[in-house]
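J.: need coordinates for the below:
(one chain, ligands or ions: 1)
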Amino acid sequence: MARHVQADSDDNARLPVIEVDLEVGGLPKLLAYSTSLSSSALEYRHENGRRYHGYRDGKYLGPNDEQESDRLDMLHEMLLVMMNRELFLAPVGSPPGRVLDLSAGTGIWVVDFADNYPSAEVIGMDLSPLQPQFVPSNARFLVDDYEDDWIYQDQFDFIHGRYLAGAVKDWYTKPEGWVEFQDWDVDVYSEDGSIKGTSVEKYYSVVCGSFTKAGFIISPCPHLGEWLQEAGFEEIHVEKYRASVGGWPKDKYYKTVGVWNLLQVEIGFEAGAMAVLTRFEGWSKEEVNVLVSGARKEVRDPKVHTLADFYVVYGRKPKSSTEA
Ligand SMILES: C[S@@+](CC[C@H](N)C(=O)[O-])C[C@H]1O[C@@H](n2cnc3c(N)ncnc32)[C@H](O)[C@@H]1O
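T.: Down below sits the predicted model:
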């Protein structure tokens with residue numbers, strides 16, 4: 001059975017059941033900036049032991065420190081394993097011309113894309129200038145807010161956004177250009193009920209509830225296909241993958257995905273919870289740490305079989321459209 005399905009419905013039954021490896025005991029052993037950086041981009045916010053972006057302070061609640069960069073790079077490797085080492089699925093044609101990556105993070109997707117397609121011109125945009133100085137000559141980075149008035153109209157053949165968990169507005173590709181989003185459905189679950197009543201379940205319920213209360217769209221992906229359709233895109237395709245958290249699956253593919261996922265999730269628990277709970281819910285750093293350490297402990301328990309779905313959604317701007 002395929003490991004991912006075309007998600008024409010929210011049909012988890014069509015995804016394979018991941019069998020538990022009863023032997024497993026726990027974790028297997030296992031820039032160049034084209035714009036001059038305004039000082040606000042480098043004036044980071046330091047809070048509760050983490051560092052946050054300075055440009056458009058408060059817009060994004062995840063940290064931008066070294067620990068977070070390591071986590072994002074682990075997630076990148078997990079996604080490459082999960083997607084058979086494909087950086088994207090949209091049939092963009094070859095060679096792709098001008099490409100934009102929204103929310104470039106550490107810049108790892110941009111650098112890989114630029115290496116794989118030397119004739120493409122690849123631009124990564126982010127609120128934080130985290131990206132490396134030494135990058136392929138066809139890659140560059142911009143500090144910008146993708147929710148600002150859009151000045152890059154009709155400039156790109158392909159716009160990619162991964163792990164945004166934010167609002168989809170209008171995506172100005174060239175007519176016939178492609179957009180692709182890759183994101184989690186953070187509504188984690190287990191097929192055998194083993195997540196029920198655990199601190200992992202509590203963590204997601206508290207943190208996702210708080211993001212929603214604060215006005216963030218925490219799980220955009222199940223709606224992305226619909227939103228692209230409403231925005232006038234065509235040839236929309238929704239692909240859904242299932243990722244375990246931890247090395248508990250018997251199948252080697254799921255085990256590898258699960259171990260990378262566990263490594264990034266363990267770091268991600270604090271990254272996801274600290275700002276939203278202290279800024280919006282009045283929690284202390286210590287209270288957040290209690291929630292986080294409970295989730296960290298139980299997510300490592302091979303008896304807790306946490307799963308999460310990951311979506312890849314792409315579509316094409318119609319030929320005649322000027323405003324998709
Ligand atoms: C979870 S990280 C994902 C990074 C990268 N796409 C990846 O997959 O590794 C989210 C990134 O989105 C950036 N971000 C959030 N809101 C943004 C906005 N409005 N404009 C530009 N970047 C934004 C953050 O600064 C952060 O680097």
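
J.: spatially nearest residue to residue 289 (excluding sequence neighbours)?
T.: residue 270 (7.5 Å; CB to CB, 6 or more residues apart in numbering). Every residue, glycine included, has its C-beta placed from N, CA and C.

J.: my read: residue 159 touches residue 96, true?
T.: No. Using CB atoms under 8 Å, residue 159 is not in contact with residue 96; the gap is 11.0 Å.

J.: put the alpha carbons of stretch 239-257 into CSV.
T.: Extracted as CSV, the C-alpha positions of stretch 239-257 are listed here (Å, rounded to 0.1, in the frame of the first residue of the first chain):
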residue,chain,number,x,y,z
GLU,A,239,-1.2,14.7,-1.0
LYS,A,240,-1.3,13.4,2.5
TYR,A,241,1.5,11.6,4.4
ARG,A,242,1.4,10.0,7.8
ALA,A,243,4.3,10.5,10.2
SER,A,244,4.9,8.7,13.5
VAL,A,245,6.6,10.3,16.4
GLY,A,246,9.3,8.0,17.7
GLY,A,247,11.0,4.8,16.6
TRP,A,248,8.1,2.5,17.5
PRO,A,249,7.0,1.5,13.9
LYS,A,250,8.2,-1.8,12.6
ASP,A,251,8.5,-0.6,9.0
LYS,A,252,12.0,0.9,8.4
TYR,A,253,10.6,3.8,6.5
TYR,A,254,8.2,4.9,9.2
LYS,A,255,10.8,4.1,11.9
THR,A,256,13.3,6.5,10.2
VAL,A,257,10.7,9.2,9.7
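
J.: gap between it and the chain center?
T.: With CA atoms, centre = their mean, to the nearest Å as the basis, stretch 239-257 stands 17 Å off its chain's centre.

J.: list the buried residues for that stretch?
T.: 239-249, 254-257 (16 or more other CB atoms under 10 Å).

J.: quick check: residues of the stretch 101-250 of the chain near the ligand?
T.: Contact residues (CB under 6 Å from any ligand atom) of the stretch 101-250 of the chain with the ligand: 103, 105, 109, 125-128, 145-147, 162-163, 166.

J.: hmm, which of those residues are the buried ones?
T.: Buried among these (16+ other CB under 10 Å): 103, 105, 109, 125-128, 146, 162-163, 166.

J.: could you list which of these belong to strands?
T.: Per DSSP state E, strands hold the following members of these: 125-126, 162.

J.: rewinding a little: I figured the residue nearest to residue 289 hits residue 292, correct?
T.: Yes. The criterion here is CB under 8 Å, and residue 270 meets it with residue 292 at 4.8 Å.

J.: that older thread, residue contacts, the residue nearest to residue 289?
T.: 50, 288-289, 292 (CB atoms under 8 Å, 6 or more residues apart in numbering).

J.: how about 10 Å then?
T.: 48-50, 63, 67-68, 71, 285, 288-289, 291-293, 295-296 (CB atoms under 10 Å, 6 or more residues apart in numbering).

J.: tell me which element it is part of?
T.: Assigned by DSSP states H and E, residue 270 belongs to helix 252-280.

J.: picking that back up, just the buried residues of stretch 239-257: which are in strands?
T.: Checking those against DSSP E, those in strands are 239-244.

J.: since we're on residue 51, how many residues are nearby?
T.: 16 (other CB atoms under 10 Å).

J.: could you pull up the mean pLDDT of the helix holding residue 270?
T.: On average, the pLDDT along helix 252-280 is 97.

J.: what comes up buried for the biggest strand by length in the chain?
T.: With secondary structure taken from DSSP E, the chain has its longest strand at strand 173-189. For strand 173-189, a neighbour-count test (16+ other CB under 10 Å) marks 173-174, 177-186, 188-189 as buried.
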